[in-house]
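Q: model the structure of this input:
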Amino acid sequence: MFSKVCVFLVIASAVNSVAGQGFPGSGSAGPPPTSGGGNPGIGTSGPPSGGGFGSAGRPTGSGGQNYVCVPIGTCSSFTIDVRIVTPGNQQQNPCPAGQEPCYTTGNNPGNPCGLGTTQCGTRLASVTSNADGFSQRGAFPWQAFIVNQTGYAGSGVLIDPYHVVTAAHKVVQNQNNPRNIGVYMGIWESTDVSTAQYRVVSRVSIHPQYNSASLRNDIAVLRLENCFTLGQSNYINTACLPTQGQSFVGQNCLVSGWGETSFRLNDAPTMRQKQVTVPIVPYATCRASYAQSNLLGNRVDFYLDSVGEICAGGQSMRDACTQDGGAPLVCPVNGRYTVAGLVIWGKGCGAPGVYGVYTNVPNYVNWIQNTVNTQ
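A: Residues are numbered from 1 along each chain as shown. From the prediction side, this is the model:
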């Protein structure tokens, strides 16, 4: 199914009404859930220094207590006690704005989520190449494999042990029935879930301005009933979130997934995860391409959003394709990978000068963090 010459990934979009070529919705194939989850074991990697949202760093507070910085209000989710360091009887928060420290306590010394064992955006394998083609195991440890009651649904990205960000169109149909959605982490081959972890979703938060017709604001946050265990032995890690408004235009970034190698080949995920490098282009370039090609007719500005979307690709035979809606587009930043976009839609696969369209994650960071803090 895979060709060194024709390198495709997978997008799975819901644009069905444009010239009859929009990407289809969820497929029906894929592994069924095998367990309901439960608190996982402790990660095994040594803790790095650092902290911050999604980084799972484990600094040391006054008195030698270990803590990790997490979004405000989520500390109890990690089954460790939140306290504020109070040297000199003055309350101080050692974490960045919007975050709080979680400290391990004598009554609960466990670390079921593997907090502090990894840093966000770091690969959990010795990756020897970023060449287009099949990925190496552990190259994208933040990539979620999402299933629903009919099978494989799409992809997403783990941003902390309890939260996955994905495209809204992949999960909106189960917004009121979140337990119909499950998430696997640690999958490399879609036919082998024996070493993966599986968790049930407890809440689906869709962006309040999501438009199912145009796919504007196509983003959702999934809250899991139980945390995933981060760690090198599990091939599970978080990706870093960007800063609000951060730009990645001009960078070559990676998108990965289990989708098709040609447009509408079938509805099942491909067996092994693939990857491709695509350049992020200016919005004006993307809009001009769609306007000149007439692929969207007179509805270019209905579908394209200069604020909430970014475009990438445009090179012959190097693209994302069907069946990977929600897959993260990640860019290297200081040696770690940051989420720049989520796969949402496109026209065909791999045509020169035709760009894939992604949710512009930096535009939604504040919403993501507010959602995580209130779930």
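
Q: Gly313 contacts Thr277, doesn't it?
A: No - judged on C-beta atoms under 8 Å, Gly313 makes no contact with Thr277 at a distance of 9.7 Å. Quick note: C-beta positions are derived from backbone N, CA and C, even for glycine.

Q: the two - which one has more neighbours?
A: Gly313 (30 against 16; other C-beta atoms under 10 Å).

Q: so how far is Lys274 from that one?
A: 14 Å (C-beta to C-beta, to the nearest Å).

Q: check Pro161 too.
A: Distance from Pro161 to Lys274, by C-beta to C-beta: 26 Å.

Q: for the stretch 151-300 of the chain, what spans make up the strands?
A: Under the criterion DSSP state E, counting those that start in this stretch, strands of the stretch 151-300 of the chain are mapped to 151-160, 163-166, 182-185, 197-206, 220-224, 252-257, 274-281.

Q: who are the packing partners of the last one?
A: When contacts are defined as 3 or more C-beta pairs under 8 Å, 6 or more residues apart in numbering; DSSP states H and E, strand 274-281 packs onto strand 7-8, strand 133-134, strand 252-257, strand 309-313, strand 318-319, strand 328-333.

Q: any low-confidence regions in this structure?
A: Where the chain drops to pLDDT under 70, the residues are 1-92, 96-110, 126-133, 259-271, 315-323, 347-353.

Q: tell me the domain boundaries of it?
A: What automatic domain parsing lists as the domains of the chain is 7-32+125-374, 46-117.

Q: pull out the buried positions in stretch 359-375.
A: Of all the residues in stretch 359-375, those buried under the rule 16 or more other C-beta atoms under 10 Å are 359-365, 367-369, 371-373, 375.

Q: which members of those residues are the farthest-apart pair?
A: Maximum pairwise distance in the buried residues of stretch 359-375, criterion C-beta to C-beta, is 22.1 Å, between Asn360 and Gln375.

Q: you'd agree Gly326 is up against Lys170?
A: Yes - counting by C-beta under 8 Å, Gly326 does reach Lys170; the two are 4.9 Å apart.

Q: shared neighbours of these two, which are they?
A: 12, 146, 154-156 (C-beta atoms under 8 Å, 6 or more residues apart in numbering).

Q: next, format those residues as JSON lines and append distance to Phe302 and neighbour count.
A: What follows is these, written out as JSON lines (distance: C-beta to C-beta, whole Å; neighbours: other C-beta atoms under 10 Å):
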{"residue": "Ala12", "distance to Phe302": "21", "neighbour count": "33"}
{"residue": "Ile146", "distance to Phe302": "27", "neighbour count": "24"}
{"residue": "Gly154", "distance to Phe302": "23", "neighbour count": "33"}
{"residue": "Ser155", "distance to Phe302": "26", "neighbour count": "33"}
{"residue": "Gly156", "distance to Phe302": "26", "neighbour count": "28"}
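
Q: I'd like to know how many residues surround Asn294.
A: Neighbours of Asn294 under the rule other C-beta under 10 Å: 10.

Q: one more: the one 5 residues further on?
A: Counted with other C-beta under 10 Å, the neighbours of Arg299 add up to 12.

Q: how about Thr117?
A: By other C-beta under 10 Å, 25 other residues sit near Thr117.

Q: again with Gln232
A: 20.

Q: how about the helices of the protein, start to end?
A: Here the chain has its helices, by DSSP state H, at 283-293, 300-303, 365-374.

Q: got the buried residues for the second one?
A: Of the residues in helix 300-303, those buried by neighbour count under the rule 16+ other C-beta under 10 Å are 300, 303.

Q: CA atoms only: put it into CSV for me.
A: Output of helix 300-303 as CSV, limited to C-alpha atoms (Å, rounded to 0.1, in the frame of the first residue of the first chain):
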residue,chain,number,x,y,z
VAL,A,300,-13.2,29.9,-0.9
ASP,A,301,-13.8,32.3,2.0
PHE,A,302,-16.6,30.1,3.4
TYR,A,303,-14.2,27.2,3.9
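
Q: what's that helix in contact with?
A: 15, 18, 214-215, 287, 290-291, 296, 345, 357.

Q: ok, of these, which one's closest to Ala139?
A: When the contacts of helix 300-303 are compared against Ala139 (criterion: C-beta to C-beta), the nearest one is Val357, at 24.1 Å.

Q: wait, that closest one sits on Ile344?
A: Yes - Val357 lies in contact with Ile344 (C-beta under 8 Å); the separation is 5.7 Å.

Q: anything in contact with each of these two?
A: 215, 309.

Q: give the burial count for Tyr205, as a bare number.
A: Let me fix one detail, which is that residue 205 is Ser and not Tyr. 23.

Q: got the CA coordinates for stretch 213-231 in CSV?
A: What follows is stretch 213-231, C-alpha atoms only, in CSV (Å, rounded to 0.1, in the frame of the first residue of the first chain):
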residue,chain,number,x,y,z
ALA,A,213,-20.6,22.9,7.4
SER,A,214,-17.4,24.9,6.9
LEU,A,215,-15.3,23.1,9.6
ARG,A,216,-14.3,26.4,11.1
ASN,A,217,-13.1,26.1,14.7
ASP,A,218,-12.8,22.4,14.2
ILE,A,219,-11.3,21.4,17.6
ALA,A,220,-12.3,19.4,20.6
VAL,A,221,-10.8,18.4,24.0
LEU,A,222,-11.4,14.9,25.3
ARG,A,223,-11.3,14.3,29.0
LEU,A,224,-10.3,10.7,29.9
GLU,A,225,-11.8,8.7,32.9
ASN,A,226,-8.3,7.6,33.9
CYS,A,227,-4.9,8.9,33.0
PHE,A,228,-2.4,7.4,30.6
THR,A,229,0.9,6.4,32.1
LEU,A,230,3.7,8.4,30.5
GLY,A,231,7.0,6.7,30.1
